[in-house]
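[1] What shape does this take:
(one chain, ligands or ions: 2)
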Amino acid sequence: MLELEAAQQRILSALRPLGVESVSLPAAAGRYLAQAIHSPIDLPVFDNSAVDGYAVQAQDLAGASASHPLPLRCMGQVAAGEIFPRPITGGTCVRVFTGSTLPAGADAVVMQEDTRLEPAAPESVRFLDAPKPGEGIRRRGEDVRSGTLLAASGQRVTVGLTALLAAAGLSTLKVARQVTAGVLATGSELQESGQALRPGHIYESNRVALLALLSRAGVVARQYPLVPDTLEATRAALQQALAENDLVLSSGGASVGELDFLKAAFQAIGGQIDFWQVAIKPGKPFLFGRHGQKFLFGLPGNPVSALVSFILLVRPALDRLQGAREVSAPKRLGTLGETLSNPANRRHFVRVRIDATGTVWSAGAQTSHGLRSLAAADGLVEVPAQGALSAGTLVRVIGVNPDNC
Ligand code: AMP
Ligand code: MG
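    Ligands and ions are numbered 1, 2, ... in the order given. Sure thing, here's the model as predicted:
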């Protein structure tokens, strides 16, 4: 049985990004860059006013104050998008607005609130404050110099980054191609929702959770019909889903019972099992295999185990396939409010919730079929095999609701 890190490594080393495509900036948010981007221009593009006010030469206003206002003659105005035709000379000012190009000769902008207009002399502006040179001005290139690296290959395109790149004049980006994934659930006891349960049956719940997780990972996911526990049905379902997608996520049928057909069915269609079983709790009956250029992630049937193995083993793989440089699960720090113990001989990823103060509590009963604690959980805390973490310990919480952006 593989340790978690060995399993993660085996998966990641089998995967490469699937290709590159060009997408428009708004569609690129959440994707991973397949190119480094250097700014083609300075930002700000030109010196401009940070406020609504008056562009001046600071030396003209030395000593100006509320009790000793100084007047300057206003030569006109420059709206955002215009260029003022003449340079400012001594004793004059120009009306400007936020984003207006700074008129030549000006070295400061005084905000409107620090000025007063005399109705009797509308061309004369009285200044109640002495600006320092440079005040009220956004300098060309002070945010970004032309040629600066704005984003590296493999970096996630955040919403903020799309704004920066748009400001730099870009409209399309090269990003790694999105993964398509087929989602199967095996089990003759499973039933679709919306029908009365037949005796001995349960409603299927893994596909819905996996589809949501896949969509948050930026994957194009397709749901397939329920697969009864026969070799032939499992074989046919795997074959179809592998043919139609880059990879397949199945749940159930990967354990040791004689009605667990996943391994046999996968091998029957030419799939090669890379490994089976990982030394974690929950999530031990996990299978990773390859079928030509396609991949199978065989998740455990127990809903909690399926979700935990998705977070620990599948999500990093999806990120890598979709071009991410950094694939480790996001974690946040918290302090345990109670002791978490693990009598088992496998590392236990305990479902926890984090309260508003950052204190971490067990999310409830930790059975691998217990959905209530799954629904209550914000994350997972790893408790070592046959060990315990006592109340007050600083722990890293792996998020179970990873967001796309
Ligand atoms: P298996 O891994 O197929 O042995 O299933 C382990 C447990 O998980 C059994 O109790 C199954 O009934 C349950 N199970 C398997 N697949 C699902 C599913 N898709 N939704 C809900 N429960 C499931
Ligand atoms: Mg089953």
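[2] quick check, Leu242 in a helix?
    Yes - assignment of Leu242 by DSSP: H, G, I helix; E, B strand; the rest coil places it within a helix.
[3] and the nearest residue to it once chain neighbours are set aside, what are its bridge partners?
    Once flanking residues are discounted, Leu242 sits nearest to Lys294: 4.8 Å by Cβ to Cβ, 6 or more residues apart in numbering. To be clear about C-beta, it is placed using only N, CA and C from the backbone, and glycine gets the same treatment. Beta-bridge pairing for Lys294 (DSSP bridges): His291.
[4] quick one, what contacts Lys294?
    By Cβ atoms under 8 Å, 6 or more residues apart in numbering, the residues touching Lys294 are Leu242, Asn245, Asp246, Leu247, Val248.
[5] of all these, which comes closest to Gly141?
    Within the contacts of Lys294, the smallest distance to Gly141 is 42.7 Å, found for Asp246 (Cβ to Cβ).
[6] For the residue nearest to Leu242, give its distance to Thr115.
    According to Cβ to Cβ, to the nearest Å, Lys294 and Thr115 sit 69 Å apart.
[7] okay, now Leu70: neighbour count?
    18 (other Cβ atoms under 10 Å).
[8] which residue packs closest to it, ignoring adjacent ones?
    Counting by Cβ to Cβ, 6+ apart, the residue nearest Leu70 is Ala64, at 4.1 Å.
[9] Over to Leu164?
    Leu150 (6.1 Å).
[10] quick one, what contacts the one you found?
    Ile37, His38, Ser39, Val144, Leu161, Leu164, Leu165, Ala168.
[11] Tell me the one of these nearest ligand 1?
    For the contacts of Leu150, the minimum distance to ligand 1 (Cβ to the nearest ligand atom) is 37.1 Å, reached by Leu161.
[12] Test my guess that the closest one contacts Ala168.
    No - taking contacts as Cβ atoms under 8 Å, Leu161 lies outside contact range of Ala168: 10.4 Å.
[13] quick one: low-confidence ranges for the protein?
    Within the chain, the segments meeting pLDDT under 70 span 403-405.
[14] What residue in it comes nearest to ligand 1?
    Closest point on the chain to ligand 1, by Cβ to the nearest ligand atom, is Gly301, at 2.4 Å.
[15] Could I get the contacting residues of that residue?
    Thr186, Gly187, Asn206, Ser251, Gly252, Gly253, Ala254, Ser255.
[16] ok, which of those also contact ligand 2?
    Among the contacts of Gly301, the residues lying close to ligand 2 (Cβ under 5 Å from the ion) are Gly187, Gly252, Gly253.
[17] Could you restrict those to the ones contacting ligand 1?
    Gly187, Gly252, Gly253 (Cβ under 6 Å from any ligand atom).
[18] Pull up the gap between the closest residue to the second one other than its chain neighbours and ligand 2, please.
    It refers to Gly252. Leaving aside its sequence neighbours, Gly252 sits nearest to Gly301 (Cβ to Cβ, 6+ apart; 3.1 Å). Using Cβ to the ion, to the nearest Å, one gets 5 Å for the distance from Gly301 to ligand 2.
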